[in-house]
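Visitor: Mind folding the following:
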Amino acid sequence: MILSIESSCDDSSVAVTAIENRTLLFHRKISQESEHARYGGVVPELASRLHAVDLPRLLKEAKPYLDDLKAVAVTNEPGLSVTLLEGVAMAKALSIAKGLPIIAVNHLKAHIYSLFIEKPTRFPMLVLLISGGHTMVVDVADFDRMDVVASTMDDSFGESFDKTAKMMGLGYPGGPVIEALARKGDPERFSLPVPLKHSPKIAFSYSGIKNAVRLLVKEHSPLDEQTKADIAAAFQRAAIEHLLQKCRKIFRQRKPKDFAIVGGASANAAVREAFANLCAEFGTALHLADLRFCSDNAAMVGRYALDAYERGLFCDAMTLSVSPRSKDF
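Guide: Here you go, the predicted structure:
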């Protein structure tokens with residue numbers, strides 16, 4: 001078995017995965033959303049302290065499996081340094097105490113492997129990764145070859161949802177709140193610009209649409225409930241249309257047989273529907289992770305670790321470090 005640990009941001013998570021058949025034997029996550037909501041976003045120092053409390057609690061729950069471990073896997077990049085350190089410290093302690101090798105896991109690659117939890121690995125594949133901190137399209141040839149085709153020049157897709165919600169006083173996290181409000185709104189009431197609409201550049205940008213929302217909020221304040229819903233609907237439509245326009249260009253160039261969407265924002269139902277239509281247009285198979293594995297979790301860390309374990313990709317407890325940015329993706 002492999003025990004996996006995730007602490008890259010505001011979710012503490014521990015999982016145990018069977019090496020032989022990929023079965024997820026144990027998986028628990030403790031979210032910090034309610035703690036950070038009062039501040040309108042993640043406070044790194046608070047997140048770190050909460051991980052220091054929650055990770056040992058989760059490890060205690062996984063105690064029945066600890067005697068049969070073959071390795072311990074942990075997210076060490078990218079993410080918040082102060083929170084990554086909590087998971088890495090636990091992994092190092094387990095490694096030294098039980099003589100286990102450590103598998104260092106790139107958080108973004110783990111999101112890609114969320115597609116394969118309790119399933120065989122399936123590559124090649126074109127992947128759209130959309131989360132609170134990242135928006136990118138990755139050409140995944142195999143475990144060792146993952147090339148970024150396009151990425152954001154500023155804000156990420158998920159981040160723009162959080163900031164839009166904050167501007168309207170809707171709290172944190174913004175993704176689920178904006179999605180729910182958008183269902184009640186009229187997207188035709190307000191016209192928001194689709195970023196880079198006339199640019200041939202294949203990249204993403206959400207700073208402009210965020211500023212357009214700011215101006216709308218300022219113009220119509222104080223906002224009534226219907227206006228909030230209408231702004232949410234107009235914003236979500238423009239944000240998704242931007243993804244579609246740039247991905248359509250990539251589809252025309254690469255003609256992928258398989259396409260996947262991963263990351264926390266991939267749980268958005270409107271995103272899933274829009275890309276189901278895009279994939280149908282191009283005759284491309286669409287792959288989606290189970291909703292419970294879209295956000296940060298240790299199960300995806302453990303699933304990536306299975307393929308790393310097969311390749312003997314271990315690191316030493318004394319030299320393992322953390323990085324807020326990815327070094328090798």
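Visitor: Tell me where the model's unsure across the stretch 151-300 of the chain.
Guide: Applying pLDDT under 70 to the stretch 151-300 of the chain flags no residue at all.
Visitor: what are the ranges of the helices in the stretch 51-200 of the chain?
Guide: When assigned using DSSP state H, counting those that start in this stretch, the helices of the stretch 51-200 of the chain occupy the ranges 81-98, 107-113, 157-167, 174-184.
Visitor: which parts of the first one are buried?
Guide: Within helix 81-98, the residues scored as buried using 16 or more other C-beta atoms under 10 Å are 81-92, 94-95. In this view, the C-beta of every residue, glycine as well, is placed from N, C-alpha and C.
Visitor: just stretch 185-202 next, same as before
Guide: Using 16+ other C-beta under 10 Å as the test for burial, stretch 185-202 gives Gly185, Pro187, Phe190, Leu192, Val194, Pro195, Leu196, Ile202.
Visitor: quick revisit: distance to Lys228 added to the helices of the stretch 51-200 of the chain, as JSON lines?
Guide: Putting the helices of the stretch 51-200 of the chain into JSON lines (distance: least, C-beta to C-beta, whole Å) gives the following:
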{"stretch": "helix 81-98", "distance to Lys228": "32"}
{"stretch": "helix 107-113", "distance to Lys228": "30"}
{"stretch": "helix 157-167", "distance to Lys228": "10"}
{"stretch": "helix 174-184", "distance to Lys228": "6"}
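Visitor: Next, the angle helix 174-184 makes with the helix with the most length in the chain.
Guide: The residue-count maximum for a helix in the chain (DSSP state H) belongs to helix 225-254. Between the axes of helix 225-254 and helix 174-184, defined by axes from the mean of the first three to the mean of the last three C-alpha atoms, to 10 degrees, the angle is 110 degrees.
Visitor: Can you work out which other helices and strands pack against helix 225-254?
Guide: With contacts taken as 3 or more C-beta pairs under 8 Å, 6 or more residues apart in numbering; DSSP states H and E, helix 225-254 sits against strand 125-130, strand 135-142, strand 145-151, helix 157-167, helix 174-184, helix 207-220, helix 269-282.
Visitor: got the buried residues for stretch 101-110?
Guide: Within stretch 101-110, the residues that qualify as buried are Pro101, Ile102, Ile103, Ala104, Val105, Asn106, His107, Leu108, Lys109, Ala110, counting by 16+ other C-beta under 10 Å.
Visitor: In CSV: those residues, plus pLDDT and distance to Arg214.
Guide: As requested, the buried residues of stretch 101-110 are exported to CSV (pLDDT from 0 to 100; distance: C-beta to C-beta, whole Å):
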residue, pLDDT, distance to Arg214
Pro101, 97, 49
Ile102, 98, 44
Ile103, 98, 43
Ala104, 98, 39
Val105, 98, 37
Asn106, 97, 34
His107, 97, 30
Leu108, 97, 29
Lys109, 98, 34
Ala110, 98, 33
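Visitor: Max pairwise distance over the residues you listed: which two?
Guide: Based on C-beta to C-beta, the longest span within the buried residues of stretch 101-110 runs between Pro101 and Leu108 and measures 22.3 Å.
Visitor: how does this structure divide up, domain by domain?
Guide: Listed by automatic domain parsing, the domain ranges of the chain are 2-117+293-310, 125-288.
Visitor: so how far is Asp144 from the residue nearest to the spatial centre of the chain?
Guide: Central residue of the chain (C-alpha atoms, centre = their mean): Gly263, 3.0 Å from the mean position. With distances defined as C-beta to C-beta, to the nearest Å, the gap from Gly263 to Asp144 amounts to 21 Å.
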